[in-house]
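>>> I'll drop the sequence and a predicted model, then ask my questions.
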Amino acid sequence: MATHKWNATDIPDLTGRTAVVTGANSGIGLKAAEALAHAGAHVVFAVRDPERGRVAAATVHGSTEVRRLDLADLSSVREFAADWQGELHLLLNNAGVMMLPEQRTRDGFEMQFGTNHLGHFALTNLLLPHITDRVVTVSSGLHRGGTGVIDFADLNRTANYSPTGAYAQSKLANLLFTLELQRRLTDAGSRVRATAAHPGYAATKLQSHAASLLSRLFMKFGNRFMAQDDKAGALPTLYAATQDLPGASYVGPDGFQELRGAPTLVGRSAAASDPEAAKRLWTVSEELTGTRFPLETAVRG
């Protein structure tokens, strides 16, 4: 007898709920936005290019709107958060850049660390007073790559830049952020949960900007013959956003090497489970972004 595999039809009714999806104009972000809107949520496409966002949102059946957000520019992050009013039930920190040639954000941070981690770190803290349910941050199985740890002595990778190493560090940072965010939420007595997910090997446009031609050719081959599609790649994010999971849960595909398959709880590296590294990264990230955790610690008897 076949066992049911969780899919987007299992998402509960989200009528009356609002979700923000960063990078919702393409790839797994768009597929996640589609599924949430289909389930009844009002979905905000938080995108760098509003025109592309409007084109993407027009393909989605349901309640949507488009707002500009450039995660590589902290002034844009602050503007997005300052304009927010009312409750926000789900924040999906989905947007990201991957294996880019060396470049900097508007604020001078290494682009992958600055976009994938610091931009979402600032956005989450600034929006947190409005959030009522879940913060989901998209990481990657490649968080195990590079040196395997956060290089606190050179977060901007100025000494020895590697597109793959910088990407791996940013994805490790996503998991440490989730770990420390959940600790802080728990200490504050908040019911909001922080979870993380990774899509496995999903065929999206993300891989097309890799720094080396060899990497781009390999990923083009992989996208065609090895990867699952972006709809399947969005399922771990959707599972992490809508299922009753413990805080700090990490969701990925259940297939071989977590490359493809139905969403399930998965493991992470020892470095991604290090509470001291998570606290240190949080402190550094507060200093770099000028944002702070906005909730007070609960008084416990």
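In hand now; what should we look at? Since the structure is predicted, the reported quantities are computational estimates derived from the model, not experimental observations.

>>> Could I get the average pLDDT for stretch 174-192?
When pLDDT is averaged over stretch 174-192, the result is 98.

>>> After the helix or strand of the chain with the lowest mean pLDDT, heading C-terminal, what element do we hit next?
Least confident helix or strand, the chain: helix 213-225 with a mean of 51, by mean pLDDT, DSSP states H and E. Moving toward the C-terminus from helix 213-225, the next helix or strand (DSSP states H and E) is helix 230-233.

>>> pLDDT averaged over that following helix - what is it?
Average pLDDT, helix 230-233: 95.

>>> chain center to that helix, what's the gap?
Distance, stretch centre to chain centre, for helix 230-233: 15 Å (CA atoms, centre = their mean, to the nearest Å).

>>> so what's the backbone phi/psi at the residue nearest to His42 when sequence neighbours are not counted?
Closest residue to His42 apart from its sequence neighbours, by CB to CB, 6 or more residues apart in numbering: Ser63 at 4.2 Å. C-beta: built from backbone N, CA, C; applies to glycine. Main-chain dihedrals, Ser63, degrees, to the nearest 10: phi -90, psi 120.

>>> got a list of what Ser63 touches?
For Ser63, the contact set (CB atoms under 8 Å, 6 or more residues apart in numbering) comprises 37, 41-43.

>>> likewise Leu123?
Going by CB under 8 Å, 6+ apart, Leu123 touches 22, 69, 71, 77, 80-81, 91, 93.

>>> give the contact list for Val77.
Contact analysis of Val77 by CB under 8 Å, 6+ apart lists 69-71, 119, 122-123, 126.

>>> Take the residues you listed and lay them out in CSV including secondary structure, pLDDT and distance to Asn174.
Output for these, formatted as CSV (DSSP: H, G, I helix; E, B strand; the rest coil; pLDDT from 0 to 100; distance: CB to CB, whole Å):
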residue, secondary structure, pLDDT, distance to Asn174
Leu69, coil, 98, 17
Asp70, coil, 98, 18
Leu71, coil, 98, 12
Gly119, helix, 98, 11
Ala122, helix, 98, 14
Leu123, helix, 98, 13
Leu126, helix, 98, 17
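
>>> Can you tell me which of the residues you listed is nearest Val55?
Leu69 (16.5 Å; CB to CB).

>>> List phi and psi for that closest one.
The phi/psi pair for Leu69 (degrees, to the nearest 10) reads phi -150, psi 120.

>>> Strands of the stretch 51-200 of the chain, start to end?
Using DSSP state E, counting those that start in this stretch, the strands of the stretch 51-200 of the chain run over 63-68, 88-93, 131-138, 193-197.

>>> pull the CA atoms of the second one into CSV?
This points to strand 88-93. Output of strand 88-93 as CSV, limited to C-alpha atoms (Å, rounded to 0.1, in the frame of the first residue of the first chain):
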residue,chain,number,x,y,z
LEU,A,88,2.1,39.4,9.2
HIS,A,89,1.6,35.7,9.7
LEU,A,90,4.3,34.2,7.6
LEU,A,91,7.7,35.5,6.6
LEU,A,92,9.5,33.4,4.0
ASN,A,93,13.1,34.4,3.7
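
>>> ok, back up a step: now distance to Trp6 too, for the contacts of Val77, in a markdown table please.
Converted to a markdown table, the contacts of Val77 look like this (distance: CB to CB, whole Å):
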| residue | distance to Trp6 |
| --- | --- |
| Leu69 | 29 |
| Asp70 | 33 |
| Leu71 | 29 |
| Gly119 | 30 |
| Ala122 | 32 |
| Leu123 | 28 |
| Leu126 | 32 |
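
>>> Can you flag the buried ones in the residues you listed?
Buried residues within the contacts of Val77, counting neighbours by 16 or more other CB atoms under 10 Å: 69-71, 119, 122-123, 126.

>>> Now for the residues you listed: which two are most distant?
Greatest spatial distance among the buried ones among the contacts of Val77 (CB to CB): Asp70 and Leu126, at 14.2 Å.

>>> The residue nearest to His42 and Ile28, how far apart?
20 Å (CB to CB, to the nearest Å).

>>> and if you look at Asp107?
On the measure of CB to CB, Asp107 and Ile28 end up 26 Å apart.

>>> Equivalent analysis for Ala72, please.
Look at Ala72 and Ile28: by CB to CB, they are 19 Å apart.

>>> if we take the contacts of Val77, which one ends up nearest to Ala278?
For the contacts of Val77, the closest approach to Ala278 (CB to CB) belongs to Ala122, at 16.9 Å.

>>> The closest one contacts Arg78, correct?
Yes: between Ala122 and Arg78 there is a contact under CB atoms under 8 Å: 7.4 Å.

>>> just for the chain, where's the confidence low?
1-2, 203-227, 298-301 (pLDDT under 70).

>>> State which helix of it is the longest.
helix 163-187 (DSSP state H).
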